[in-house]
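In: Pasting the sequence and the predicted model now:
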Amino acid sequence: MTKRKYWFLILYPLTFGLFDEILFSLYLKQGFTIHKVLFSLFWGIMIYWLGQLNRDRAMSWRIQTIAAAATSLIYGAQIAYYTLFETPFYLRSISGAGDTMTDFMSVVIDAVLAVGPALLLLCAHLGIWLTLYRKAFAELPYSEARSFRSTYALTGAIILSLGGGILDYHGAVSPSYMLLYEFVPTESVRTFGMLATEFLDIKYNLLHLQATRPEKIRLNMTDIEVADEHAVLPQEEGAVEPSEEAVVLEGGGHEGIEVDDTFYDPALYNVLDIDFTKELVKEEEYRNADFADMNSWFSSRQPSRKNAYTGLFEGKNLILITAEAFSKFVIDPELTPTLYRLSEEGFRFNHFYTGIWGVSTSDGEYVATTGLIPKAGTWSYTEIAENSMPFAFGNQFEKLDYQTLAFHNHSYTYYNRNLSYPNMGYDFYAKEHGLAISDVWPESDVELIEQSVPYYLDSAQPFHVYYMSVSGHLEYTWAANAMAEKHRKRIEASRFADASEAVQAYVACQLEFEDSIALLLRRLEEAGQLENTVIAISPDHYPYGLTQEQYAELRGGEYDLTFGTYESTFLIWNSQMEAPVISDTYCSSLDIAPTLSNLFGLPYDSRLFIGTDIFGDVTPIV
């Protein structure tokens, strides 16, 4: 064997993972870090090592090839998924892959075609492996010395990559933190690369391996910049000093767990009578349990004070809507007069943001309806199906003898909503489960409203209704989106007449949502319930089915990619409001649940939400 072939046999598998990571990072503009290089080289050495273990060269080749092919497959799938959703695909989502392939086959195909050049390069890379590398590999006999050397190299790579990451404490979300304590997918991809993130997904969400000791943080505050020095920042709004009314109880607390037993007057604060020092956490089996730590943490949080808006809508009906991919940049006095009316006459939040979470729509719902942060790498809405959810609106209003219903115009079981919605206190109806929605894609929000309102408007009970719409779903083309095609002519006569097809199609399918809200208001008025009903609307996420260029086109110009991407809207409206309420507080979807709970005077404990009442005195964490 020539020296050139010999080095090819060593260097090609060593750099196999690095090539795929470079392609992934360049294609998705992820950038490079030393940790990405180290972990990619570690995986390359692993592939090389697999080819040196067995005296049977054919078997060694097959083992190596499985690892190489799996690498290319993972990167190819993740490039397509990440391009569409801006987040990696989790192992947990495999259980829902069947529904996705069935319901969104055209979206999947388009996503694959959109990243065609990257996939071709991955295929070409694997093709070199299957041809040139295979031929060279067959000529090299087994060597025990080479097997030992590869083992030493692999051991060194493990120490260097893992050790380098574990000892790196820099940043608010440091490499050490991500390796030991918490799965932070998007940041992990940026820091370690895609393949290392896959291993962390297995570590945290399949094997449930997670350290519990505290982590050091070294944060350089000079790296943090404020985009607009004249903006009204949340920390300038002040905060209540609870000690003015608080009474400190003597005693309390217990070994190993510090619990804040400050007393807050329920007449002044949104709190419940919760004894965070109760004996349960003293029992040996619970002494170091997660919920004991949570007891300590939640007890130390400052609750929000009741305010001028507390109980403003007490006794009224609530219709809460999560609008698929809705954007405030669609709202227009001529094109969407109903949504424009709601935005101008109701509550107006000038600095409201909707984040993008790991499971797009489902996590967006979870945040808006619970005021909690979803756990990365799993389906949080599914996980809570067996948990106690006392502050879910369905459960809250049911205690007040309201009729509590949830409606969706797509599959009854998608994202396991058939499990989570009932646990949130709702009687749940969806396509082919109480609703005869037409079989088009995406389904009609107008049909959703038309078929659902008899369930509650014909009842004498007060009602709380939750809707998850679907008409605004990608993809945004005339051919693939039935709702876009339905409203195409209205777009041709609008200010979007000269926009790209994707932007026009997006706005067109949002017109179906506009028409559904107009229909909802008419039905409420006909039933004499309009004055007594509050409408609350927020999106599950920004329209990520549009490219950055198309999103800029929708917005009307260039925008800040760091924060502007998530600029959004939250509408709260009642026909009896005498004037709009304008808020300049920086807030997000996390704050929807506690804000509505306060507006309706619901009994809740603000310390148990991650979000906060926007009109309260505690700064939201947006």
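Out: Thanks, I have the structure now.

In: tell me which residues in the helix or strand Gly163 falls within are buried?
Out: Assigned by DSSP states H and E, Gly163 belongs to helix 144-166. Buried residues in helix 144-166, counted by 16 or more other Cβ atoms under 10 Å: 146-147, 150, 153-154, 157, 161, 164-165. The way it works is simple: take the backbone N, C-alpha and C, and place the C-beta from them, glycine included.

In: ok, now stretch 264-280?
Out: Within stretch 264-280, the residues that count as buried by 16+ other Cβ under 10 Å are 264, 269-272, 276-277.

In: now stretch 124-133
Out: Neighbour-count burial for stretch 124-133 flags 125-126, 129, 133 (criterion: 16+ other Cβ under 10 Å).

In: With just CA atoms, put that stretch into PDB.
Out: These are the backbone C-alpha positions of stretch 124-133, laid out as PDB (Å, rounded to 0.1, in the frame of the first residue of the first chain):
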ATOM      1  CA  ALA A 124     -21.200  12.900  -2.100                       C
ATOM      2  CA  HIS A 125     -19.200  12.700   1.100                       C
ATOM      3  CA  LEU A 126     -20.700   9.400   2.000                       C
ATOM      4  CA  GLY A 127     -20.200   8.200  -1.600                       C
ATOM      5  CA  ILE A 128     -16.400   8.700  -1.300                       C
ATOM      6  CA  TRP A 129     -16.600   6.600   1.800                       C
ATOM      7  CA  LEU A 130     -18.500   3.800   0.000                       C
ATOM      8  CA  THR A 131     -16.100   3.700  -3.000                       C
ATOM      9  CA  LEU A 132     -12.600   5.100  -2.500                       C
ATOM     10  CA  TYR A 133     -12.300   4.600   1.200                       C
END
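
In: and that stretch, how far out from the chain's middle?
Out: Relative to its chain's centre, stretch 124-133 lies at 37 Å (Cα atoms, centre = their mean, to the nearest Å).

In: now swap in stretch 85-94 and tell me
Out: Chain-centre distance of stretch 85-94: 10 Å, with Cα atoms, centre = their mean.

In: what sits against Ile34?
Out: Contacts here follow Cβ atoms under 8 Å, 6 or more residues apart in numbering; on that basis Ile34 touches Gly164.

In: measure Phe609 to Gln396 for me?
Out: Distance from Phe609 to Gln396, counting by Cβ to Cβ, to the nearest Å: 13 Å.

In: Quick check on Asn307: phi, psi?
Out: The phi/psi pair for Asn307 (degrees, to the nearest 10) reads phi -140, psi -170.

In: number of nearby residues for the closest residue to Thr585 other than its chain neighbours?
Out: Nearest non-adjacent residue to Thr585, counting by Cβ to Cβ, 6 or more residues apart in numbering: Ile614, 5.4 Å away. Neighbourhood size, Ile614 [other Cβ atoms under 10 Å]: 27.

In: How far does the helix or strand Trp297 falls within sit from its chain's centre?
Out: Applying DSSP H and E as the criterion places Trp297 in helix 290-299. The chain centroid and the centroid of helix 290-299 are separated by 24 Å, computed with Cα atoms, centre = their mean.

In: Give the buried residues for stretch 330-350.
Out: Buried residues in stretch 330-350, defined by neighbour count with 16+ other Cβ under 10 Å: 330-331, 335-336, 338-343, 345-349.

In: Endpoint to endpoint, it covers what distance?
Out: Terminal residues of stretch 330-350 are spaced 16 Å apart (Cα to Cα, to the nearest Å).

In: Give me the contact list for that stretch.
Out: So stretch 330-350 is contacted by 328, 490, 494-496, 506-507, 510-511, 513-514, 517-518, 521, 535, 537, 554, 569-574, 577, 580-585, 587, 614 (Cβ under 8 Å, 6+ apart).

In: Just the buried residues out of those residues, in ChimeraX syntax.
Out: Buried residues among the contacts of stretch 330-350 (16+ other Cβ under 10 Å), as a ChimeraX selection:
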select :328,494,496,506,507,510,511,513,514,517,518,521,535,537,554,569,570,571,572,573,574,583,585,587,614
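
In: packing partners for the lengthiest helix in the chain?
Out: Ranked by number of residues, the top helix in the chain under DSSP state H is helix 57-85. Secondary-structure packing of helix 57-85 (3 or more Cβ pairs under 8 Å, 6 or more residues apart in numbering; DSSP states H and E): helix 16-27, helix 34-50, helix 105-114, helix 116-128, helix 134-139, helix 194-201.
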